[in-house]
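Trainee: Below is the structure, and that's it, no one-letter string:
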């Protein structure tokens, strides 16, 4: 069953079908939120809020594009709200003890996360959608409202900034 069909059925009262959408997109939206805010617990909370918000407003949802893109817009706004409320950029806690591989993985993860945090919110979102969520330019354009040429510009600029950051560290 396609997303649009599921949504129509949920709007008609088959609310149990909403679980299919949650199962299909939960992990993607969680990862998207996590890459934005770098905090596992907050990313879980925001992901749940996103699905609750959509469920509560499913009656007014209008099919004007891919449902997945709509989810990313809602999740992006929720992440921006998180930063407005918290005004922090936190890293996930580093484990105190572990083997050398775990420590190196954690250090690399922190370095990548710090590099992402050095970008503007718009640049970070484009990197996350393109490389972490593997979305096409057309979908990213629909989510962000930016033209494809602007996305390409920001993507190249962001990659250059990330490289420079990683070389400095």
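Mentor: Cool, got the structure. A quick note: this is a predicted structure, and the numbers were derived from the prediction, not measured. Residues are numbered from 1 along each chain as shown.

Trainee: Just name the shakiest helix or strand of this protein by mean pLDDT.
Mentor: Lowest by mean pLDDT, DSSP states H and E among the helices and strands of the chain is helix 100-117, with a mean of 69.

Trainee: what's whatever helix or strand comes next after that one in contact with?
Mentor: The helix or strand immediately downstream of helix 100-117 is helix 121-127, counting by DSSP states H and E. Residues outside helix 121-127 that contact it (C-beta atoms under 8 Å, 6 or more residues apart in numbering): 35-36, 76, 80, 83, 116-117, 119, 140, 144, 146, 151, 154-155, 157-159, 161-162. Placement of C-beta: from N, CA and C, glycine included.

Trainee: for stretch 9-17, same thing?
Mentor: With C-beta under 8 Å, 6+ apart as the test, stretch 9-17 has contacts from 1, 6, 18, 21, 55, 58, 59, 61.

Trainee: Kindly check the end-to-end length of that stretch for me.
Mentor: Distance across stretch 9-17, first residue to last, is 7 Å (C-alpha to C-alpha, to the nearest Å).

Trainee: can you start the count at 3 instead of 1 from here on
Mentor: Taking 3 as the first residue, the last one we looked at is stretch 11-19.

Trainee: ok, and the closest non-adjacent residue to the residue nearest to the spatial centre of the chain?
Mentor: Note on the chain: the residue nearest the mean C-alpha position is residue 34, at 2.2 Å, using C-alpha atoms, centre = their mean. Computed as C-beta to C-beta, 6 or more residues apart in numbering, the closest residue to residue 34 that is not its neighbour in sequence is residue 77, at 5.4 Å.

Trainee: ok now the host helix or strand of that neighbour, how far from the chain's centre?
Mentor: Mapping residue 77 onto the secondary structure by DSSP H and E places it in helix 69-88. Centroid separation for helix 69-88 versus its chain: 8 Å, with C-alpha atoms, centre = their mean, to the nearest Å.

Trainee: Show me what counts as buried in it.
Mentor: Buried residues in helix 69-88, counted by 16 or more other C-beta atoms under 10 Å: 69, 70, 71, 72, 73, 74, 76, 77, 78, 80, 81, 84.

Trainee: separation between the second one and residue 9?
Mentor: Residue 70 sits at a distance of 12 Å from residue 9 (criterion: C-beta to C-beta, to the nearest Å).

Trainee: before we move on, back to that, with distance to residue 168 and pLDDT added, can I get the buried residues of helix 69-88 in JSON lines?
Mentor: Formatted as JSON lines, these follow (distance: C-beta to C-beta, whole Å; pLDDT from 0 to 100):
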{"residue": "69", "distance to residue 168": "35", "pLDDT": "93"}
{"residue": "70", "distance to residue 168": "30", "pLDDT": "93"}
{"residue": "71", "distance to residue 168": "30", "pLDDT": "92"}
{"residue": "72", "distance to residue 168": "33", "pLDDT": "93"}
{"residue": "73", "distance to residue 168": "30", "pLDDT": "94"}
{"residue": "74", "distance to residue 168": "26", "pLDDT": "94"}
{"residue": "76", "distance to residue 168": "31", "pLDDT": "94"}
{"residue": "77", "distance to residue 168": "26", "pLDDT": "95"}
{"residue": "78", "distance to residue 168": "25", "pLDDT": "91"}
{"residue": "80", "distance to residue 168": "28", "pLDDT": "93"}
{"residue": "81", "distance to residue 168": "23", "pLDDT": "89"}
{"residue": "84", "distance to residue 168": "26", "pLDDT": "87"}
